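Provide a 3D model corresponding to the input given below.
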Amino acid sequence: MMTEIYLEISKLSDKFRTMAYGLTTDKNKIDNAVQELMLYFLQQMNQKTLKNIYEKDGIEGITKYGAVALKRSLTSTRSNFYYKYEKFYTHIDSNCYNSSYTASNDTMAYSYDNNKNIANIPNQEVDNYKWTKLEEIDKQLDKLNWYDRELFKLYYYKSNTLDSLAAKTKISRNSLFTTIDKVRDILKNKLNE
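I've put the predicted structure just below:
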């Protein structure tokens, strides 16, 4: 019985895409949302609930259920889709807008879509100054006592907080702060910042 239901659901993907165009025009977003909906039906949804919907209302009931789930995933900031796709893409870069132009009567009109896409992030050259500064910092750290150096690296390079570092190393928070602050002062003096 479940195989029959899953086969019927697989035939609905084009219908769900059409429904999603009423909520957004971004093809990537639509494809991702429909794919997530299909995965939800196949892997996450309770089979008993799915079977009850199918027995009661048939494929029309599943279509209505899918339409509600699709709308929720494309419009709610608390949906799994938002956390998996939207939240990441909205914080990428302001330079990743899609741009296109249309030519009509020998004039070109540029339009900028607000649809962000990771493929549109420009390739930027690496700032050599930053890399040389990091190399200088590493050279100065190599000259320090191993204890000071390793604590500094754990704090800055591994993005630990003083509390989490104290819990991991069993060293008091005050001692960690004193050591890290001392190393920071040494580096400032050596690098003239």
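
how far does the host helix or strand of residue 174 sit from the chain's center?
Taking DSSP states H and E as the criterion, residue 174 maps to helix 173-191. Chain-centre distance of helix 173-191: 34 Å, with Cα atoms, centre = their mean, to the nearest Å.

so how far is the longest helix along the chain from its chain's centroid?
Identified as the longest helix of the chain according to DSSP state H is helix 47-75. From the chain centre to the centre of helix 47-75 is a distance of 27 Å (Cα atoms, centre = their mean).

so residue 17 touches residue 30, yeah?
Yes: contact criterion Cβ atoms under 8 Å: residue 17 and residue 30 qualify, at 5.7 Å. The way it works is simple: take the backbone N, C-alpha and C, and place the C-beta from them, glycine included.

So between the two, which is more surrounded?
Counting neighbours by other Cβ atoms under 10 Å for residue 17 and for residue 30 shows that residue 30 has the greater number, 20 against 15.

Doesn't residue 24 lie inside a strand?
No: with DSSP: H, G, I helix; E, B strand; the rest coil as the criterion, residue 24 is coil rather than part of a strand.

For it, give me its contacts.
30, 74 (Cβ atoms under 8 Å, 6 or more residues apart in numbering).

how far away is it from residue 81?
For residue 24, the distance to residue 81 (Cβ to Cβ, to the nearest Å) stands at 11 Å.
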